[in-house]
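J.: prediction below, plus the sequence it came from.
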Amino acid sequence: MRKVALVVAAGCLLATSAFAHTPPGEVINAVKFPAGNEPTIDGDCSDWDAVPGDSYWVFADAFIPAGEGDSYRHPVEGLEKGDMDQSSFSPILRGGWSEHTNDFYYCHSVFDDAHTIDRAGDFDWYEDDGVESFFRFRHISPEEATALGTEGFGTYLGFNFSVPQSAAGPLWHVIGLCVGCEWLTEEETELHNLQWSFDGEEFGQSTYHYEHRVHPFDGKQNDLEGAPENFEYQTLEDNQIIHYSIAFFDDDAHREDGRGGQWIIGGATGPENDWLMEPLNPNITWPDAMTAVESESWGRIKAQY
């Protein structure tokens with residue numbers, strides 16, 4: 001089933017993530033899509049089938065349990081990296097980029113034994129099965145980020161969402177510190193396009209797919225409203241490193257405390273993971289790209305159904 005996902009929370013603010021590779025010594029490869037082979041943002045990850053998973057995908061064994069003290073959301077104490085019970089919850093990350101479109105893409109698939117949306121307050125998206133993602137396209141140190149913040153320039157944008165809509169109320173998206181960013185909740189904007197789908201039961205055992213295109217914003221002056229014309233952008237290049245981190249929240253409804261876990265690959269509160277914009281891989285066999293005429297014809301065919 002295909003669904004349209006709006007942004008649940010977005011904020012543009014100063015971040016203080018580490019300049020060194022996070023986790024230490026780790027860099028994740030983002031595959032480069034040839035022109036015409038960029039994924040269609042529709043919540044279907046089959047556009048990524050040509051990419052070898054063993055070279056690019058991030059699997060459950062790379063995830064770290066997040067949280068300490070009262071924020072520890074896991075039902076088992078003492079969990080370490082890779083200790084995820086994959087019969088209950090198991091994510092796969094896929095990341096890529098295109099020089100032709102100048103966009104970063106991801107399509108993540110998350111198996112869950114019970115997808116749960118039952119929060120009492122509509123703004124408390126993190127109490128359900130949800131996703132929290134953070135981007136900074138500048139590869140800068142904490143000192144440089146602090147200096148930019150002192151100058152009033154933010155470089156960090158977060159997209160947080162939990163789908164489908166909560167029964168708590170009609171408003172299921174909220175804009176955070178990016179004042180005037182209501183435009184981010186539109187189905188598709190210059191900055192981003194987010195779609196989702198699922199296989200299985202909508203509120204039972206299922207695999208949800210989250211597909212997202214993000215334009216490489218460079219930042220925004222904090223004293224300006226978050227209108228599209230006030231964002232600054234950059235151009236992605238071969239061998240460029242960007243910061244992108246993600247956290248998955250697992251709400252196990254069958255448990256009295258609802259705890260299933262919060263799993264991260266690096267930073268839990270900011271863009272700390274390093275992703276390398278890899279040059280075109282000559283060993284990947286891509287399908288023939290559609291011409292503009294073929295794409296338009298296929299669009300007319302699909303529109304009939």
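T.: That came in fine, so what should we check first?
J.: for T146, grab phi and psi.
T.: Note on T146: backbone dihedrals following degrees, to the nearest 10 are phi -60, psi -40.
J.: typo on my end, it should be D288
T.: D288 adopts backbone torsions of phi -60, psi 130, taken as degrees, to the nearest 10.
J.: the helices in this structure, which residues?
T.: Listed in chain order, the helices of the chain (DSSP state H) span residues 53-56, 142-150, 292-303.
J.: weakest of the ones you listed in terms of mean pLDDT?
T.: Comparing mean pLDDT over the helices of the chain, the weakest stretch is helix 292-303, at a mean of 46.
J.: closest to the centroid, which residue in the chain?
T.: Nearest to the geometric centre of the chain sits S133, at 4.7 Å (Cα atoms, centre = their mean).
J.: that one contacts N160, correct?
T.: Yes - counting by Cβ atoms under 8 Å, S133 sits close enough to N160 to count as a contact (7.2 Å). In this view, the C-beta of every residue, glycine as well, is placed from N, C-alpha and C.
J.: enumerate the positions of stretch 185-199 that are buried.
T.: By neighbour count, with 16 or more other Cβ atoms under 10 Å as the criterion, the buried positions of stretch 185-199 are T185, T189, L191, H192, N193, L194, Q195, W196, S197, F198.
J.: and the closest residue to the third one other than its chain neighbours, how many neighbours?
T.: Nearest residue to L191, sequence neighbours excluded (Cβ to Cβ, 6 or more residues apart in numbering): H215, at 5.2 Å. Counted with other Cβ atoms under 10 Å, the neighbours of H215 add up to 18.
J.: roughly how far apart are H215 and E188?
T.: Separation of H215 from E188 (Cβ to Cβ, to the nearest Å): 11 Å.
J.: could you do A247 as well?
T.: When distance is defined by Cβ to Cβ, A247 is 24 Å away from E188.
J.: then V110?
T.: Using Cβ to Cβ, V110 is found at 23 Å from E188.
J.: again, but for F134
T.: Taking Cβ to Cβ as the measure, F134 and E188 are separated by 21 Å.
J.: same question for Q205.
T.: Using Cβ to Cβ, one gets 31 Å for the distance from Q205 to E188.
J.: okay, and the helix or strand of the chain with the least pLDDT?
T.: Comparing every helix and strand of the chain by mean pLDDT, DSSP states H and E singles out strand 9-13 as the least confident one, with a mean of 44.
J.: any buried residues in stretch 147-166, and which?
T.: When burial is assessed from 16+ other Cβ under 10 Å, stretch 147-166 yields the following buried residues: 148-149, 153-166.
J.: give me the neighbour count for the closest residue to F134 other than its chain neighbours.
T.: Closest residue to F134 apart from its sequence neighbours, by Cβ to Cβ, 6+ apart: P271 at 4.0 Å. A count of nearby residues for P271, using other Cβ under 10 Å, gives 26.
J.: I'd say P271 and Y244 touch.
T.: Yes - taking contact to mean Cβ under 8 Å, the distance of 5.8 Å between P271 and Y244 places them in contact.
J.: overlap in contacts of those two?
T.: Common neighbours of P271 and Y244, counting by Cβ atoms under 8 Å, 6 or more residues apart in numbering, are F134, F135, R136.
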